[in-house]
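S.K.: return a 3D structure for these sequence lines:
(one chain, ligands or ions: 1)
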Amino acid sequence: MTASTTRVGQLRAAAAARLRIARLWPAAGAGWSAVALLLGVGRGVLPVGFAIAVSVTVGRIAPVLRGTADQSRVWWPLAAAGAALIGLQLAEAAQKAVGEQLSRRVDGHMYRRLIAASLSTREITPLEDPAVLDELGEAGHELRFAFRTPGAAYAGLIALVGPYTQVVGFTVVVAVVLGPAAAVAMLAVVLLFRHGQRGGLRRYARVIRDVAALRRESRYLRGLAMGPAAAKELRVFGLTGWLTDRYRQVYLRTLAPVWAERRRIYLRPYLAYTVVGLVGVGAVLALTGRRAADAAIDLAALALVLQAVMALIRLGEFYPDSDTQTQYGMNAETAVTAFEQAMSRYAEPADTGSTAPPGSTAPAIDFTGVRFGYPGATRPVLDGLDLHIAAGRCTALVGVNGAGKTTLVKLLARLYSPDAGAVRVDGVDVADLSARDWQRRIAVVFQDFVRYELSVAANIGFGAVEHLDDRAGIRRAAQAAGLLDTLEALPDGLDTVLSRAYAGGVDLSGGQWQRIAIARALFALYHGSTVLVLDEPTAALDVRAEAEFFARFAELTRGRTTILISHRLSSVRLADRIVLLDRGRVVEQGSHDELMATGGRYATMFTLQAQRFTDDEADADAGADPDSGTGGAAADARTQGTG
Ligand SMILES: Nc1ncnc2c1ncn2[C@@H]1O[C@H](COP(=O)(O)OP(=O)(O)OP(=O)(O)O)[C@@H](O)[C@H]1O
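M.R.: Numbers count the residues shown, from 1 in each chain. Below is the predicted model:
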């Protein structure tokens with residue numbers, strides 16, 4: 001591609017971006033947009049009117065002073081100049097207010113588009129694609145900067161009507177007074193200066209966009225430093241110095257291309273355009289002087305043309321009401337559009353008019369020859385996985401860290417699609433099911449479940465959002481998760497907000513949060529979910545709470561197809577069937593007794609844990625605080641590193 005095609009392409013892209021911004025008018029509101037346009041025209045016409053009125057005054061003042069003309073000959077143009085000035089002030093203030101209104105409306109619309117695109121896919125693959133994340137990061141970041149949003153770009157685009165109307169007005173003035181050649185020369189100078197200004201800004205914005213990934217990292221580091229999430233670890237691990245240095249490095253790497261391009265972007269064009277501009281303006285001023293000296297133009301015309309030339313020079317400069325806003329706002333709009341397009345590439349056609357999930361209340365699940373690797377990964381996580389999960393029974397998945405247990409669940413929940421093979425529910429490929437409907441049939445307690453900064457009721461009720469007002473169901477789920485007493489003691493009971501960032505809000509302990517997640521999944525079961533997945537559901541529970549949970553486990557999950565993932569083999573043995581995964585394949589399966597009798601890897605892992613339990617108990621007997629209860633905790637030593 002040649003430089004010129006690149007430039008043409010860039011100009012075309014810039015024009016297309018402007019067009020897309022202009023097409024946002026329905027979101028901005030036709031009425032408000034029309035008002036802003038009229039005010040823009042006013043802001044363009046009034047300065048020209050002011051210049052004309054002042055020039056007429058200047059032309060008439062001498063005869064009035066000499067007493068050869070009536071004073072009223074001056075008052076009228078002076079009054080007109082005053083009116084134009086006041087009108088201009090009012091139009092400016094009104095346009096700012098209307099611009100704010102337009103901005104807010106358009107940005108609300110853009111946020112809605114962004115949210116809709118973010119939530120548009122049932123799979124989560126696109127939200128892990130770095131290129132898609134860059135667009136989302138750009139769009140979200142610019143939208144948070146109120147003056148660089150698509151809304152600001154829209155208001156800024158309309159505000160351009162003002163200065164460009166002035167350009168037309170003053171150019172006409174120059175044409176009338178000095179002739180068309182001078183008008184063309186002045187217009188060329190103005191447009192050249194503007195091109196220089198906007199071109200520099202455009203190139204700068206492009207360079208900034210090219211380092212989107214670095215800017216995302218620097219935002220992440222800033223968030224780490226300033227947010228509460230990492231506050232504890234940063235201090236305890238002494239990471240504050242490292243973080244400061246790292247932020248500085250990323251910041252410098254972000255700015256390096258800008259600095260490298262600075263001369264090309266700003267200095268050279270500035271010098272070139274200034275020289276050309278000075279020559280043009282000098283020629284027009286020289287022509288003005290000669291006409292005045294030849295008495296070809298009178299005092300009023302001289303005053304008028306000088307004002308017009310000065311105004312045009314000023315109009316060749318940066319427009320603070322429009323330029324930054326349009327450039328960065330267009331970038332944000334482009335990022336939102338690119339993000340929408342990227343997400344639409346991932347849209348699942350399967351979700352339009354596909355099969356309804358099987359009606360059974362406890363389906364059987366089959367993985368057949370399933371291969372899956374995360375996008376960009378060199379090795380598959382699951383490779384030729386064959387697994388039958390019996391209907392209405394509890395199947396436990398065990399295996400070392402990274403064996404692929406959670407990945408298997410994500411495929412079952414259709415958060416990803418297998419690269420090969422199929423996942424079937426009662427014989428129906430989940431790829432043929434409506435992802436939306438199928439996902440509603442699965443209740444999952446994820447390892448990294450979400451702590452919503454909302455009320456307790458919402459945190460539990462989100463298991464079946466259309467039943468949020470089922471208070472009895474929420475209480476029942478909380479009771480089953482062993483949490484009801486704690487929740488009822490909260491200041492506003494089930495309406496207490498679970499975040500200290502809000503007045504009256506509270507935070508819960510890690511274990512209490514985990515029970516909330518369990519209650520959420522149980523609530524989903526009460527309202528139609530048929531498969532329950534528990535991924536390390538008791539990792540944060542204390543020994544007694546865990547024992548209580550598993551004591552009621554059979555009752556809680558009765559008649560449901562349940563998948564339990566846990567490293568605590570003492571819990572796992574309750575399952576009807578235990579499946580040992582290794583490197584994405586099933587290596588052993590059977591009941592606890594069967595697997596122990598086989599004497600394979602499960603048996604080794606179990607014996608190892610039991611051994612540690614015995615050792616720890618002996619240690620506890622030998623000297624540990626007998627009331628501490630740590631012997632029980634040790635009983636649940638985990639499988640990490642045992643595979
Ligand atoms: N979102 C992701 N993108 C890329 N790779 C991933 C992603 N999630 C998991 N992996 C990789 O897939 C592999 C299997 O991860 P998975 O979470 O399924 O293991 P697991 O058996 O559940 O482990 P654990 O017992 O630690 O929970 C790991 O090597 C992990 O690095």
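S.K.: how about the contacts made by G162?
M.R.: G162 is in contact with 39-44, 95, 321, counting by Cβ atoms under 8 Å, 6 or more residues apart in numbering. (Each C-beta comes from the backbone N, C-alpha and C, glycine too.)
S.K.: does R451 count as helix, strand or coil?
M.R.: Under DSSP: H, G, I helix; E, B strand; the rest coil, the three-state class of R451 is coil.
S.K.: for it, what are its contacts?
M.R.: 459, 498, 513, 516.
S.K.: ok, V531 next?
M.R.: Counted by Cβ under 8 Å, 6+ apart, V531 has contacts 362-363, 365, 412, 441-443, 560-563.
S.K.: give me that answer again for 6 Å
M.R.: Contact analysis of V531 by Cβ atoms under 6 Å, 6 or more residues apart in numbering lists 442, 561.
S.K.: same question for A478.
M.R.: Here A478 is in contact with 484, 487, 519 (Cβ under 6 Å, 6+ apart).
S.K.: need the residues you listed in TSV (columns: secondary structure, neighbour count and distance to the ligand).
M.R.: Output for these, formatted as TSV (DSSP: H, G, I helix; E, B strand; the rest coil; neighbours: other Cβ atoms under 10 Å; distance: Cβ to the nearest ligand atom, whole Å):
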residue	secondary structure	neighbour count	distance to the ligand
L484	helix	18	29
L487	helix	25	28
A519	helix	28	22
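S.K.: model confidence over the helix or strand hosting R436, on average?
M.R.: Applying DSSP states H and E as the criterion places R436 in helix 435-440. Over the span of helix 435-440, the pLDDT mean works out to 85.
S.K.: give me the buried positions along that helix.
M.R.: 435, 438-440 (16 or more other Cβ atoms under 10 Å).
S.K.: farthest pair in the residues you listed?
M.R.: Using Cβ to Cβ, the buried residues of helix 435-440 reach their maximum pairwise distance at A435 and R440, which is 9.7 Å.
S.K.: excluding its backbone neighbours, what's nearest the residue of the stretch 201-350 of the chain found nearest the ligand?
M.R.: Of all residues in the stretch 201-350 of the chain, the one sitting closest to the ligand is Y346 (14.8 Å; Cβ to the nearest ligand atom). Spatial nearest neighbour of Y346, chain neighbours left out: P126 (4.2 Å); criterion: Cβ to Cβ, 6 or more residues apart in numbering.
S.K.: equivalent analysis for A225, please.
M.R.: In space, and not counting its chain neighbours, A225 is closest to L243: 5.5 Å by Cβ to Cβ, 6+ apart.
S.K.: for the residue of the stretch 251-400 of the chain found nearest the ligand, helix, strand, or coil?
M.R.: Going by Cβ to the nearest ligand atom, the ligand is nearest to Y374 of the stretch 251-400 of the chain, at 3.3 Å. Put simply, Y374 is coil when judged by three-state DSSP.
S.K.: list phi and psi for it.
M.R.: phi -70, psi 150 (degrees, to the nearest 10).
S.K.: just the helices in the stretch 101-250 of the chain please.
M.R.: 130-144, 150-159, 161-178, 180-210, 212-226, 231-236, 240-262 (DSSP state H, counting those that start in this stretch).
S.K.: just checking, what packs against the shortest one?
M.R.: Helices and strands touching helix 231-236, as assessed by 3 or more Cβ pairs under 6 Å, 6 or more residues apart in numbering; DSSP states H and E, are absent.
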